[in-house]
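A.B. asks: could you work out the structure for the sequence below:
(one chain, ligands or ions: 2)
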Amino acid sequence: MINKIKKTSLLLVITSLAFLYQNCALVKNAGTTSANSDSAASLSSTLEQKAMGVLAAKCMGCHNAKNPQGYLDVTNLNSMLYYRQVVPGEPQLSNIFYEITQGLMPPDQNSALSQSDIAILSDWITNGFKDGTPTVTAPSGPPLTATYSSIKSQIFVVSCNGCHSGANAKAGVSLDSYDNVMKTVTAGNSAASVLYKAIIGDGVTLMPPGGGMSAKQKSAIKDWIDTGALLN
Ligand code: HEC
Ligand code: HEC
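C.D. replies: Ligands and ions are numbered 1, 2, ... in the order given. Predicted coordinates for the structure are as follows:
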């Protein structure tokens, strides 16, 4: 486990270094054209445009407003920020980046992203929000309720399963089926359930790494467990 984490960190360091080199070139270019305070904003919008170009080409077919597979709509930045698909400044905590670099998305790896596409996304997430993160509001959609199906589609799928499903079950925790989720739950007792302890950081590593579950999301999981953790 620890070896795995070390390997992942090493990879991240190597990729970050490669991106740093690229970023320097970008910042240099921005500096020569304009040294005033507008340069940060225009750099951000350039990075965002490039990143949106990659997402449009590689992801939008299955992740658009009409057909947001896995509740991901790559045309909706607010929703990507809200669901932590994109965490400003933190590519390694951003679910879209994770899915891509683990080779999980796109599903057909024949259309996988090139190294330069990946560099564009990393650069945008790392440097594209330096002039401020846009205000994020809860996206419209079915309201989150304290039921398994609602928690699955609105929390596990979007915020957890990238690291807790199938062959990629970090810490041996898989949240991709009811039976697997129940291995982390003591029905009727949220305080004794590692699932709940993880999202509030009580005695175990806070999840998702770095935190980010809203009060509403935490109480949906708590209430679902305390009312019997049914398959509902
Ligand atoms: C051919 C269709 C298709 C394409 C193209 C595609 N996806 Fe997906 N994606 C899916 C489907 C279907 C799901 C929901 C089922 C699943 O999670 O496997 C999904 C789920 C996801 C999820 C949520 C996974 C989770 O469990 O947390 C993320 C994040 C994601 N895709 C990112 C991307 C990104 C980024 C791209 C582009 C690089 C992309 N996808 C391209 C079909 C696609
Ligand atoms: C970016 C990857 C990532 C995401 C996203 C993520 N986790 Fe984790 N999770 C981990 C890692 C890594 C560990 C092991 C942490 C450790 O041992 O310190 C872990 C451990 C856990 C554990 C076991 C804690 C323990 O000590 O026994 C639980 C439960 C858990 N995660 C739940 C969740 C839930 C719920 C979500 C979504 C709300 C989530 N995780 C999202 C990477 C992730």
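A.B. asks: pick out the residue nearest the middle of this structure.
C.D. replies: N95 (2.4 Å; CA atoms, centre = their mean).
A.B. asks: so that one sits right up against Y82, yeah?
C.D. replies: No: the criterion here is CB atoms under 8 Å, and N95 misses it with Y82 at 11.8 Å. Glycine gets a C-beta too; all of them are placed from N, C-alpha and C.
A.B. asks: all strands for the protein, in order.
C.D. replies: Using DSSP state E, the strands of the chain run over residues 164-165, 168-169.
A.B. asks: does ligand 2 have contacts with the first one?
C.D. replies: Yes: on the criterion CB under 6 Å from any ligand atom, strand 164-165 is in touch with ligand 2 at H164.
A.B. asks: do the same with the last one
C.D. replies: No: applying CB under 6 Å from any ligand atom, one finds that strand 168-169 is not in contact with ligand 2, the shortest distance being 8.9 Å.
A.B. asks: cool, and stretch 200-211?
C.D. replies: Yes: Stretch 200-211 lies within reach of ligand 2 by CB under 6 Å from any ligand atom, at V204, T205, M207, P208, P209.
A.B. asks: show me which residues of that stretch are buried.
C.D. replies: Using 16 or more other CB atoms under 10 Å as the test for burial, stretch 200-211 gives I200, M207, P208.
A.B. asks: distance of the last one relative to K50?
C.D. replies: According to CB to CB, to the nearest Å, P208 and K50 sit 26 Å apart.
A.B. asks: and the second one, by the same measure?
C.D. replies: When CB to CB is applied, the distance between M207 and K50 equals 31 Å.
A.B. asks: hang on, the earlier thing: which residues touch the residue nearest to the centre of the chain?
C.D. replies: N95 sits next to Y83, R84, Q85, V86, V158, S159, G162 when contact means CB atoms under 8 Å, 6 or more residues apart in numbering.
A.B. asks: ok so, going back, most tightly packed of the strands of the chain?
C.D. replies: strand 164-165 (a mean of 21; mean count of other CB atoms under 10 Å).
A.B. asks: can you give the domain ranges for this protein?
C.D. replies: 2-127, 148-226 (automatic domain parsing).
A.B. asks: quick one: is the shortest one near ligand 1?
C.D. replies: When you say that, I think you mean domain 148-226. Yes: applying CB under 6 Å from any ligand atom, one finds domain 148-226 in contact with ligand 1 at V157, V158, N161, G162.
A.B. asks: narrow these to those in helices?
C.D. replies: Counting by DSSP state H, no part of these is found in helices.
A.B. asks: residues contacting the nearest residue to M60 once chain neighbours are set aside?
C.D. replies: Closest residue to M60 apart from its sequence neighbours, by CB to CB, 6 or more residues apart in numbering: V74 at 5.5 Å. Counting by CB under 8 Å, 6+ apart, V74 touches M52, L55, A56, C59, M60, H63, N64, M80, I96.
A.B. asks: among these, which two are most distant?
C.D. replies: Distance extremes for the contacts of V74: the farthest pair is N64 and I96 at 14.2 Å, using CB to CB.
A.B. asks: more neighbours: these two, which one.
C.D. replies: I96 (24 against 16; other CB atoms under 10 Å).
A.B. asks: quick one: the residue nearest to that one when sequence neighbours are not counted from S159, how far?
C.D. replies: Spatial nearest neighbour of I96, chain neighbours left out: Q85 (4.8 Å); criterion: CB to CB, 6+ apart. Using CB to CB, Q85 is found at 9 Å from S159.
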